[in-house]
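Asks: Starting from these lines, generate the structure:
(chains A and B)
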Number of protein chains: 2
Amino acid sequence: MGPTGGNYTTCTTVGESQSEDAIHPCPTPEQSMVLVVKNPPANAGDAGSIPGLGRSPEGGHGNPLQYSCLENPMDRGAWRATVHKYATTGCSLTLHHTEKPEHEDICEYRPYSCPCPGASCKWQGSLEAVMSHLMHAHKSITTLQGEDIVFLATDINLPGAVDWVMMQSCFGHHFMLVLEKQEKYEGHQQFFAIVLLIGTRKQAENFAYRLELNGNRRRLTWEATPRSIHDGVSAAIMNSDCLVFDTAIAHLFADNGNLGINVTISTCCP
Amino acid sequence: MGPTGGNYTTCTTVGESQSEDAIHPCPTPEQSMVLVVKNPPANAGDAGSIPGLGRSPEGGHGNPLQYSCLENPMDRGAWRATVHKYATTGCSLTLHHTEKPEHEDICEYRPYSCPCPGASCKWQGSLEAVMSHLMHAHKSITTLQGEDIVFLATDINLPGAVDWVMMQSCFGHHFMLVLEKQEKYEGHQQFFAIVLLIGTRKQAENFAYRLELNGNRRRLTWEATPRSIHDGVSAAIMNSDCLVFDTAIAHLFADNGNLGINVTISTCCP
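Replies: Numbering: from 1, shown residues only, chains lettered A, B, ... in the order given. From the prediction side, this is the model:
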């Protein structure tokens, strides 16, 4: 059974002939509401590129940041107090040099990367600038208003690694809905669905989301706390900390190759 | 987080040194409430043995049934009306010989096999005799009374293919709860949880079940119609038509290697 009730949105066709790694706008404005990103095959792209939490600002993203690793001249022994690379953007922590890489991965002052899955966009900037970047550089991503919407992913049988992306706006915040198809294990395609908050980790703690697949006398539901876009989807997918289902389950719930995911956002006491 | 509320039951230890394919009774009656069956590795056992729906009575289960394939002497052409093999147990259908194998797989008069997962028990008999067989031949399977219970699978990190089994009794019926760990895809262990009715397919349509994993601000829920034990778990697992999760998800919800699954049975209008 297809999705019923609620707002829903669909992107009807994605040309197979278009080049990989391109962001495909959909044919007409009325129908082109879910951004579909076809990634290079075999675990390349966003998911494969980040070994730790979220995206790393290192690795040739095009916007190298000033690196202010200041060695403490008073200390010539094993312990060296260093100011880490986000000191210039506001972080005042002084850390042992061995603690730096770990802290930099989770530092709140680390710049935000473009949250669009797929490795194509190299943009980085402040949290406040993320929505403006998405609206200008990724116009095909549609936003639906409301706490309860239907995220309709079309053509789920598209081969290779594919991402479906849309925005949901409620409670004065913007949430990014991502469905990613990839092959974590050879010969075993899986789908990963997750909700990200365009906000900090602390803000994300105030919300909960529910993803629901409804079929013929079957229902699969995942409820969790949204991830901050600061963390991104990669770590969640790596740890299966999201809605995970394989192609057989997708077909149980899909209607003519289209999969409707009911998405509900709610607030919760932190 | 572990399971909270409801009745729950646990089997604490299953010796790794015991032979494979054996049914392991647990150490003491108080603790030995979930039957754990360790299957031969690499997709052997119940799941791998049945290409069609449920268990087939063919294939050397030890109780060969009389095969009454009666050719119609009036018809010497391509069409041959035949009485199929369960005619002796009540089925009165007369079928084209090409239709027989398909019908025999789903024939309501096909004898019931022992519903315990794993290939060790060869018992077959009538539906009415199933519970009596389970109570006498598989004494370690415990039954909990109630519509809402906790199925606590212990030692989910046991290597290889493992089944956890218990019974739930409510609405005047017995349900078998099965958690099966197996490697459908090489290097990718998955868990499959499902509820079977000790009853016919038609009876199963009157019920719904919900399996719920509860963790730290996370919940994974599967709702569906119970399978009849006539169909068994193999087809459902093959089609992922059950609660499917990988070891990473299991660890998100497990507590010290033990996984509590909330099971709720309800009646529904057919």
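Asks: For the stretch 151-270 of chain A, which residues are neighbours of chain B?
Replies: Remark: the part of the stretch 151-270 of chain A in contact with chain B comprises A:184-188, A:208, A:217-225, A:239-241, A:244-246, A:248-249, A:252, using Cβ under 8 Å from any Cβ of the partner chain. Every residue, glycine included, has its C-beta placed from N, CA and C.
Asks: Got a quick PyMOL command for the buried subset of those?
Replies: A single PyMOL command suffices to select whichever of these are buried according to 16 or more other Cβ atoms under 10 Å in any protein chain shown:
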select buried, chain A and resi 184+185+208+218+219+220+221+222+223+224+225+240+241+244+245+246+249+252
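Asks: low-confidence ranges in the stretch 1-150 of chain A?
Replies: Flagging of the stretch 1-150 of chain A using pLDDT under 70 yields the residue ranges A:1-35, A:39-93, A:95, A:100-108, A:119.
Asks: which residues touch the residue nearest to residue A:168 when sequence neighbours are not counted?
Replies: When the adjacent residues along the chain are set aside, residue A:168 lies closest to residue A:175, with 4.6 Å between them (Cβ to Cβ, 6 or more residues apart in numbering or on different chains). Counting by Cβ atoms under 8 Å, 6 or more residues apart in numbering or on different chains, residue A:175 touches A:167-169, A:195-198, A:207, A:209, A:226, A:265.
Asks: Residue A:211 now?
Replies: For residue A:211, the contact set (Cβ under 8 Å, 6+ apart) comprises A:193, A:195, A:221-223, A:243, A:261-263.
Asks: how about the strands of the stretch 51-200 of chain A, start to end?
Replies: In the stretch 51-200 of chain A, the segments counted as strands under DSSP state E, counting those that start in this stretch are A:81-83, A:94-96, A:112-113, A:124-125, A:143-145, A:148-153, A:162-170, A:173-185, A:188-197.
Asks: Save those as TSV, and put in distance to residue A:233 too.
Replies: Below are the strands of the stretch 51-200 of chain A laid out as TSV (distance: least, Cβ to Cβ, whole Å):
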stretch	distance to residue A:233
strand A:81-83	30
strand A:94-96	27
strand A:112-113	11
strand A:124-125	17
strand A:143-145	18
strand A:148-153	14
strand A:162-170	9
strand A:173-185	6
strand A:188-197	5
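Asks: need the longest helix for chain A.
Replies: The helix of greatest length in chain A, counted in residues with DSSP state H as the criterion, is given as helix A:127-137.
Asks: ok, and for that helix, which residues are buried?
Replies: A:127, A:130, A:133-134.
Asks: Who are the packing partners of it?
Replies: Here helix A:127-137 is seen to pack against strand A:112-113 when contacts are counted using 3 or more Cβ pairs under 8 Å, 6 or more residues apart in numbering or on different chains; DSSP states H and E.
Asks: do that again at 7 Å, thanks
Replies: Contacts of helix A:127-137 with other secondary structure elements, assessed using 3 or more Cβ pairs under 7 Å, 6 or more residues apart in numbering or on different chains; DSSP states H and E, are absent: no helix or strand is involved.
Asks: Relative to residue A:133, how far out is the nearest residue to residue A:242 once chain neighbours are set aside?
Replies: Sequence neighbours aside, residue A:194 is the residue nearest to residue A:242 in space, at 4.0 Å (criterion: Cβ to Cβ, 6+ apart). From residue A:194 over to residue A:133 the distance is 20 Å, taken as Cβ to Cβ, to the nearest Å.
Asks: go on, residue A:36?
Replies: Distance from residue A:36 to residue A:133, counting by Cβ to Cβ: 19 Å.
Asks: what do you get for residue A:127?
Replies: Summarising the geometry, the distance separating residue A:127 from residue A:133, computed by Cβ to Cβ, is 11 Å.
Asks: Please enumerate the shared neighbours of the two.
Replies: Listed contacts common to residue A:127 and residue A:133 are nil; contacts here mean Cβ atoms under 7 Å, 6 or more residues apart in numbering or on different chains.
Asks: ok, residue A:165 touching residue A:141?
Replies: Yes - Residue A:165 is in contact with residue A:141 according to Cβ atoms under 7 Å; the separation is 5.8 Å.
Asks: So which of those two has more stuff around it?
Replies: Applying other Cβ atoms under 10 Å in any protein chain shown to residue A:165 and residue A:141 shows that residue A:165 carries more neighbours, namely 27 against 19.
Asks: Just the pLDDT at the residue nearest to residue A:148 when sequence neighbours are not counted, thanks.
Replies: Setting aside the residues directly before and after it, residue A:148 is nearest to residue A:264 in space (Cβ to Cβ, 6+ apart), at 4.8 Å. According to the prediction, residue A:264 has pLDDT 98.
Asks: give me the element residue A:264 is part of.
Replies: Residue A:264 is part of strand A:259-267 when elements are defined by DSSP states H and E.
Asks: who touches that strand?
Replies: In contact with strand A:259-267 (Cβ under 7 Å, 6+ apart) are residues A:2-3, A:6, A:8, A:147-153, A:156, A:168, A:170-171, A:175, A:177, A:179, A:193, A:195, A:206-214, A:250, A:253.
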